[in-house]
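K.L.:
here you go, sequence then predicted model.
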Amino acid sequence: MPLLEMCKVTRQYTKGNQVVHALRGVDLAIDKGAFLSIVGPSGSGKSTLLNIIGCLDAPSSGEVIYNGQPLRAMSENGLADYRKNHIAFIFQSFNLIPVLTVRENVELPLVIERKWTRRQMQDKAMAVITAVELGDMADRLPKELSGGQEQRVAIARALVKQPLVVLADEPTANLDSKTAENVISIMQRLNREQQTTFVFSTHDRMMEQHANRVVTLRDGLIASDTRKES
Ligand code: ADP
Ligand code: MG
């Protein structure tokens, strides 16, 4: 059974008296442990697809199924649990809190849970900060970091609650190509070591090469789906 499944998912937006078809019937099954890249030109529906998987948006029709259970049929508590504990988002613009240090930014999702001691939060945060190779930067502020380092902090923050799935919407779009490679290879290592499923969008062809599956969207439909031997 796939971890996540989209069945005939459509999403229409109304803009004035115009209807925009962002997704036109997407069928996609994602296995646990996938390192999947969503590619396609601007406007092809990549962000809409990720937002729907992440429950930031709902389909106009069709189903998203998680572990065999349609999200539509989940209780409010079940959905909240899915959103808070099973998936995490990484954005193009990092979204770090400027007045908090690296460690405090990464601890934040745990602080909100209010079920960990100070020591537990520190230990969990430092483990993921070390995993993204920023162990010696834990006390720095975001403004003291490079863009690549900031994105690695965002990855650490996404991973601190050990989600099953990390969704990343063009995580490397604001980085130069060498830094982008480094960020993707860290995601790739975390995918291999921890079996965390990654679904990330990109329009950089370099990034596709790291994925073990590349799904191409065109005009809201899947135009190709290529798997690589791993
Ligand atoms: P991508 O991420 O591949 O650039 P998007 O998923 O952002 O594509 O957008 C797909 C289509 O849906 C585009 O035509 C876009 O203009 C439209 N769209 C996305 N979000 C909205 C919205 N909130 N309101 C109206 N149209 C939208
Ligand atoms: Mg987008």
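P.N.:
The structure has been received and is ready for your questions. Numbering: from 1, shown residues only. Ligands and ions are numbered 1, 2, ... in the order given.

K.L.:
please make it C-alpha for all contacts and neighbour counts, starting now.
P.N.:
Will do.

K.L.:
so what's the residue nearest to Q195 when sequence neighbours are not counted up against?
P.N.:
Spatially, and ignoring its direct neighbours in sequence, Q195 is nearest to G33 (4.8 Å; C-alpha to C-alpha, 6 or more residues apart in numbering). G33 sits next to N191, R192, Q195, T196, T197, F198 when contact means C-alpha atoms under 8 Å, 6 or more residues apart in numbering.

K.L.:
if you average pLDDT over whichever helix in the chain runs longest, what comes out?
P.N.:
Using DSSP state H to define each element, the chain has its longest helix at helix 177-194. If you average the pLDDT over helix 177-194, you get 89.

K.L.:
pLDDT averaged over the helix or strand following that helix, what's the number?
P.N.:
For helix 177-194, the succeeding helix or strand toward the C-terminus, using DSSP states H and E, is strand 197-201. Averaging pLDDT along strand 197-201 gives 96.

K.L.:
sorry, back to before: ok, and which of the contacts of G33 reach ligand 1?
P.N.:
The subset of these lying close to ligand 1, counting by C-alpha under 6 Å from any ligand atom, is empty.

K.L.:
so which of those residues is the closest to ligand 1?
P.N.:
Nearest to ligand 1 among the contacts of G33 is F198, at 16.8 Å by C-alpha to the nearest ligand atom.

K.L.:
dump the contacts of G33 into CSV; add neighbour count as well.
P.N.:
As requested, those are arranged in CSV below (neighbours: other C-alpha atoms under 10 Å):
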residue, neighbour count
N191, 18
R192, 14
Q195, 16
T196, 23
T197, 25
F198, 25
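
K.L.:
tabulate those residues (CSV), appending distance to Q149.
P.N.:
Output for the contacts of G33, formatted as CSV (distance: C-alpha to C-alpha, whole Å):
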residue, distance to Q149
N191, 19
R192, 21
Q195, 23
T196, 21
T197, 22
F198, 19
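
K.L.:
tell me the one of the residues you listed nearest G16?
P.N.:
Lowest distance from G16 to the contacts of G33 (C-alpha to C-alpha) belongs to F198, with 35.3 Å.

K.L.:
could you identify the most distant pair in the contacts of G33?
P.N.:
R192 and F198 (10.4 Å).

K.L.:
returning to what we had before: which helices and strands does the longest helix of the chain pack with?
P.N.:
Here helix 177-194 touches helix 147-159, strand 197-201, helix 205-208, going by 3 or more C-alpha pairs under 8 Å, 6 or more residues apart in numbering; DSSP states H and E.
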